[in-house]
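Participant: no FASTA, just this:
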DNA sequence: GGCTGATTGCAACATTGTTGCATCTAGCTT
DNA sequence: AAGCTAGATGCAACAATGTTGCAATCAGCC
């Protein structure tokens, strides 16, 4: 996975630097979207230091290469898990634990395209964030209700 | 329209104050999403002053009552045009002129629900932002291409 | 090992959002 | 119509987030 991202960087002529590898690694290991400052404090705990400006620039780069996405409802970044779906970012966000999962579905895109086209709009990028409960949190809540 | 919003406020026991009426009016007249500070400078031009804290609080209230929505990809607020669609906010954003239009479609919601349910996720809120070109900007671009 | 352009760090700043508390006012009561 | 009071606003101070220009550094080339 990390290797794949590194290959993308190389292919586009970007240098493989320590800061870039570190940010990649952090995103890789994260279960939730991380803001630039989240990433900074995460690294600080491991005794590493990156200037926040650097992190912003690295994330900008990653997003432009589709190696990461910004989750708007949270303001954090996640590693892109679906290199395929260009111009279409769909996430499920658990509002309990913050867990996030990316998904893609052509039919949804087509549905949105069709609907907006009827209104004279020419859609280029899709963004959708479905928030609710992930499987784990739903089960927990369900069991609590049974008890209560 | 403005009257409708005022009635919602009254019905919930909130006071009808000058600042709240002013923010409502600004949102009403806007073609694009406005950030809290946008609203402040807009009012300043008309010789009126509101503290930015006040604007933040008013917008929070409006959002909680579904009188306004925050458009995440832009960070601005729009007046809610579809009082109906609770838990479902869909926008088309023109990345040329910034124009915005809200829409709703049950089928899209159902599609998203079905898809995420298959992944064990229980969706409660839908958010989608389709960005592209509005009818006007598309036409302009098309004509420019013909000339160039 | 040295060169060079890309990358990072730094400092300073701009913007955006938050909190606690004093003051004021909308809408009720009398 | 005047007074009362909870709710709303303003203010000040601060916290968090994001940006810019420039000097120092380093990855990947020779």
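Facilitator: Cool, the structure landed. A quick note: this is a predicted structure, and the numbers were derived from the prediction, not measured.
Participant: ok, residue A:105 - contacts?
Facilitator: Neighbour list for residue A:105: A:90, B:111, B:115 [criterion: CB atoms under 8 Å, 6 or more residues apart in numbering or on different chains]. Every residue, glycine included, has its C-beta placed from N, CA and C.
Participant: swap that for residue A:73, please
Facilitator: If you count contacts by CB under 8 Å, 6+ apart, then residue A:73 has A:93, A:129, A:131, B:72, B:127 around it.
Participant: just to revisit the earlier point, let's see if you can find the most crowded of the contacts of residue A:105.
Facilitator: residue A:90 (23 neighbours; other CB atoms under 10 Å in any protein chain shown).
Participant: If I follow the layout properly, residue A:119 ends up in contact with residue B:102?
Facilitator: No. Using CB atoms under 8 Å, residue A:119 is not in contact with residue B:102, being 10.6 Å away.
Participant: if you count what's nearby, which of the two comes out ahead?
Facilitator: Legend: neighbour count by other CB under 10 Å for residue A:119 and residue B:102, higher for residue B:102 (16 against 11).
Participant: Does the more buried one have any beta-bridge partners, and if so which?
Facilitator: Residue B:102 has these beta-bridge partners by DSSP bridges: residue B:91.
Participant: Could you check how far it is from residue B:127?
Facilitator: 12 Å (CB to CB, to the nearest Å).
Participant: Any chance you could list what contacts the helix or strand bottoming out on mean pLDDT in chain A?
Facilitator: Ranked by mean pLDDT, DSSP states H and E, the weakest helix or strand in chain A is strand A:76-79, scoring a mean of 84. Contact with strand A:76-79 is made by A:5, A:24, A:27-28, A:30, A:32-36, A:38-39, A:59, A:62-63, A:67-71, A:91, A:100, A:102, as judged by CB under 8 Å, 6+ apart.
Participant: From residue A:98, how far off is the residue nearest the centre of chain A?
Facilitator: The centroid of chain A falls nearest to residue A:78 when counting by CA atoms, centre = their mean (2.6 Å). Taking CB to CB as the measure, residue A:78 falls 11 Å from residue A:98.
Participant: overlap in contacts of the two?
Facilitator: A:32-33.
Participant: picking that back up, gap between the residue nearest to the centre of chain A and residue A:33?
Facilitator: For residue A:78 relative to residue A:33 (CB to CB), the value is 5 Å.
Participant: which residues are in contact with both of these two?
Facilitator: Contacts common to residue A:78 and residue A:33, judged by CB under 8 Å, 6+ apart, are A:71, A:100.
Participant: Contact partners for the residue lying closest to residue A:141 once chain neighbours are set aside?
Facilitator: Spatial nearest neighbour of residue A:141, excluding adjacent residues (CB to CB, 6 or more residues apart in numbering or on different chains): residue A:133 at 6.6 Å. Residue A:133 sits next to A:94-96, A:141, B:121-122, B:124 when contact means CB under 8 Å, 6+ apart.
Participant: now the strand or helix carrying residue A:116 against helix B:106-118, angle please.
Facilitator: Following DSSP states H and E, one finds residue A:116 within helix A:106-118. Relative orientation of helix A:106-118 versus helix B:106-118 (axes from the mean of the first three to the mean of the last three CA atoms, to 10 degrees): 160 degrees.
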